[in-house]
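*Asks:* Any chance you can model this:
(2 chains)
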Amino acid sequence: MGSASANPVGVEWFGLVMGLGFVLSFGYWCTDFLVVQRAMAANSMTAARRTPLIAAVPKMLFPFLVIVPGMLALVVSPTSGVRQAGQVVTASATSPTSSTSPTSAPAPGLVPPKRDARTGEPLRDAHGHVVLDYDLATPMMLVHFFPAGLLGLGLTALLASFMSGMAGNVTAFNTVWTYDLYQSYVRPGAPDAHYLAMGRLATVFGVAISVAAAYVAASFNNIMDFLQLVFAFVNAPLFATFALGMFWKRATGHGAFTGLLAGTLAAAIHHGLSLPAGAAVGVKGGYLGVVTTFPSELAQTFWTAIAAWVTCFAVTIAVSLATRPRPLEELRGLVYGLTSKPTDDVRRWYERPVSLALLVLTGAVVLNAIFF
Amino acid sequence: MRLDLRIPVGALFALIGVLLGVYGGATLGQPGTTPTGVPINLVWGLVLLAFGTAMLTLARRARRAARGHANPDAARGPGIT
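*Replies:* Residues are numbered from 1 along each chain as shown, chains lettered A, B, ... in the order given. This next block holds a predicted model:
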């Protein structure tokens, strides 16, 4: 972990801890609308404070759901355990061993190679290795190991989770646009029917953007890499704005706006000047000229997030100090230092947010110690 | 009237468990139903049924407890349940 060359992601400890551990994780967990939205539906302050803590428990175990099936898909033989002839054909027809390309060594496992959209040939990285399409690991495992019956249930569960996530994100998109931007700044005071129509339009537009984003995501090795890059652009500067807005009473609206703009710009500039090893100039960066290269997309993303956060943090402070502060009276209930601390009206120890937080923290430390 | 979420969740899991378990039991031993050697349709159907039943039992118990709790105070009228 001491040097970037010692691990496959190609990132040293600072980039990992600061980029992923601090900026991207806190950015997602504290500012992402989909996450915060859950807490807003709570029936009391205590319940709202418990929401992210309870949600953190399954999230801590998430790597087992994501990584273990992925590792299994890499090592399991495409024909192992398959007893019926029909399924051998199904499993091996899409598996890498059936690849007709003579130059591609037959890779074990169920993960098929990523193919070039135009030629149909398997894609290769800078070292000539076949690039595997990790997004298909879970579907391939489902098809391989589930019989009719459970396979239907498994696919239904996958689709249901996609739809739930999609529905939540589209709702968040049209709420933020219609209420927080359009109604507040573009056209205040219009009748409800107008905002309803605008909300519906925003939904159509949001879905269209996500379809377009799917095409961009297809050029990435896996969807997590792309997701982290989007978060580095959007959530990383937002987290600096949130943190300063909540804990620093001198922060001003002008400072927040300029900082947010500068942070997102810094992310774009950093991304535009750097390129992951072996990647082509385009959506993966380098569009402003390649100044530096990173060993992997994730390393580039972590540093993009750090650049965005630091720029937003510094610019917000600088502009806030140069602009007129808000009267303290207006900030009561908004800034932590000016708000009365909530009291927990619960009886049992496990209902208190503090004890839950300690449990979650202990769990995180233990899991990190085991799997370091 | 507040809906106890355990009722729809339990009912859904129990129903899917019954469907999957019955299908798994009926097709036991037929080719293509056990790719890994485990009659997974039957096993997972029973797991889902057990989870659904547990949810329904918890909801039923909570409702009974609430009813027992509410009765002595029934003179104070609705709104406390």
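*Asks:* For the rest of this, base every contact and every neighbour count on C-alpha atoms.
*Replies:* OK.
*Asks:* which other helices and strands contact the longest helix along chain B?
*Replies:* Secondary structure of chain B per DSSP state H: the longest helix is helix B:40-70. Judged by 3 or more Cα pairs under 8 Å, 6 or more residues apart in numbering or on different chains; DSSP states H and E, helix B:40-70 is in contact with helix A:150-175, helix B:6-26.
*Asks:* if I look at the residue nearest to residue A:132 when sequence neighbours are not counted, how far off is residue A:121?
*Replies:* Distances taken as Cα to Cα, 6 or more residues apart in numbering or on different chains put residue A:113 closest to residue A:132, at 4.0 Å, once the chain neighbours are dropped. From residue A:113 over to residue A:121 the distance is 9 Å, taken as Cα to Cα, to the nearest Å.
*Asks:* who's more crowded, those two?
*Replies:* Using other Cα atoms under 10 Å in any protein chain shown, the more surrounded residue of residue A:113 and residue A:121 is residue A:113, with 23 against 16.
*Asks:* wait, what's in contact with that one?
*Replies:* Counting by Cα atoms under 8 Å, 6 or more residues apart in numbering or on different chains, residue A:113 touches A:96, A:122, A:123, A:130, A:131, A:132, A:133.
*Asks:* Reformat the residues you listed as CSV; add pLDDT and neighbour count.
*Replies:* Converted to CSV, these look like this (pLDDT from 0 to 100; neighbours: other Cα atoms under 10 Å in any protein chain shown):
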residue, pLDDT, neighbour count
A:96, 42, 23
A:122, 77, 22
A:123, 74, 18
A:130, 77, 22
A:131, 76, 17
A:132, 79, 23
A:133, 78, 19
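*Asks:* List just the nearest of those residues to chain B.
*Replies:* Lowest distance from chain B to the contacts of residue A:113 (Cα to the nearest Cα) belongs to residue A:96, with 19.8 Å.
*Asks:* mind listing what's buried in the host helix or strand of residue A:216?
*Replies:* Taking DSSP states H and E as the criterion, residue A:216 maps to helix A:192-217. If you call a residue buried by 16 or more other Cα atoms under 10 Å in any protein chain shown, then helix A:192-217 has these buried ones: A:195, A:198, A:199, A:202, A:203, A:206, A:207, A:217.
*Asks:* Now the residue nearest to residue A:132, what are its backbone angles?
*Replies:* phi -70, psi 150 (degrees, to the nearest 10).
*Asks:* Need the per-residue pLDDT for it.
*Replies:* As predicted, residue A:113 sits at a pLDDT of 79.
*Asks:* With residue B:76 instead?
*Replies:* 47.
*Asks:* residues contacting the spatially most central residue of chain B?
*Replies:* Centroid-nearest residue in chain B: residue B:52, 2.0 Å away (criterion: Cα atoms, centre = their mean). If you count contacts by Cα under 8 Å, 6+ apart, residue B:52 has them with B:9, B:10, B:11, B:12, B:13, B:14, B:17.
*Asks:* Next one: the last one from chain A, what distance?
*Replies:* Pointing back at residue B:17 there. 10 Å (Cα to the nearest Cα, to the nearest Å).
*Asks:* Show me where chain A has its strands.
*Replies:* Under the criterion DSSP state E, strands of chain A are mapped to A:274-276, A:292-294.
*Asks:* right, so the ones you listed: which one is the most enclosed?
*Replies:* Burial of the strands of chain A is given as mean neighbour count (mean count of other Cα atoms under 10 Å in any protein chain shown); strand A:274-276 ranks first at a mean of 24.
*Asks:* what's in contact with it?
*Replies:* Identification of contacts with strand A:274-276 by Cα under 8 Å, 6+ apart yields A:281, A:284-286, A:289-297, A:300.
*Asks:* So which of the residues you listed is the closest to residue B:24?
*Replies:* Distance to residue B:24 across those (Cα to Cα) is lowest for residue A:297, with 44.6 Å.
*Asks:* Low-confidence ranges, the stretch 201-350 of chain A, go.
*Replies:* The model of the stretch 201-350 of chain A has no residue with pLDDT under 70.
*Asks:* Could you identify the most distant pair in the contacts of residue B:52?
*Replies:* Taking Cα to Cα, the two most distant members of those are B:9 and B:17; they sit 12.1 Å apart.
*Asks:* ok, the two, which is more surrounded?
*Replies:* Per other Cα under 10 Å, whichever of residue B:9 and residue B:17 has more neighbours is residue B:17, with 25 against 16.
*Asks:* Quick check: that one touching residue B:47?
*Replies:* Yes: Residue B:17 is within contact range of residue B:47, at 7.2 Å (criterion: Cα atoms under 8 Å).
*Asks:* ok, now which ones touch the closest residue to residue A:121 other than its chain neighbours?
*Replies:* Take residue A:121 and drop its neighbours on the chain: the residue closest to it by Cα to Cα, 6+ apart is residue A:115, 5.4 Å away. Counting by Cα under 8 Å, 6+ apart, residue A:115 makes contact with A:121, A:122, A:123.
*Asks:* Which positions within stretch A:325-338 qualify as buried?
*Replies:* A:331, A:335, A:338.
*Asks:* and which of the residues you listed is nearest residue A:167?
*Replies:* Using Cα to Cα, the buried residues of stretch A:325-338 come closest to residue A:167 at residue A:335, 31.6 Å.
*Asks:* low pLDDT regions in chain B?
*Replies:* Along chain B, segments meeting pLDDT under 70 span B:1, B:70-81.
*Asks:* mind listing what residue A:200 touches?
*Replies:* Residue A:200 neighbours (Cα under 8 Å, 6+ apart): residue A:174.
*Asks:* One more pass at 10 Å, please.
*Replies:* Listed by Cα atoms under 10 Å, 6 or more residues apart in numbering or on different chains, the contact set of residue A:200 reads A:174, A:178, A:206.
*Asks:* roughly how far apart are the last one and residue A:214?
*Replies:* This means residue A:206. In terms of Cα to Cα, residue A:206 sits 12 Å off from residue A:214.
*Asks:* Repeat that for the first one.
*Replies:* Distance of residue A:174 to residue A:214, given as Cα to Cα: 19 Å.
*Asks:* Name the residue of the stretch 151-300 of chain A that lies nearest to chain B.
*Replies:* For the stretch 151-300 of chain A, Cα to the nearest Cα, closest residue to chain B: residue A:153, 8.7 Å.
*Asks:* and that residue, how far is that from residue B:47?
*Replies:* Relative to residue B:47, residue A:153 is positioned 13 Å away (Cα to Cα).
*Asks:* Find the residues that touch each one of those two.
*Replies:* By Cα under 10 Å, 6+ apart, residue A:153 and residue B:47 have these common neighbours: residue B:41.
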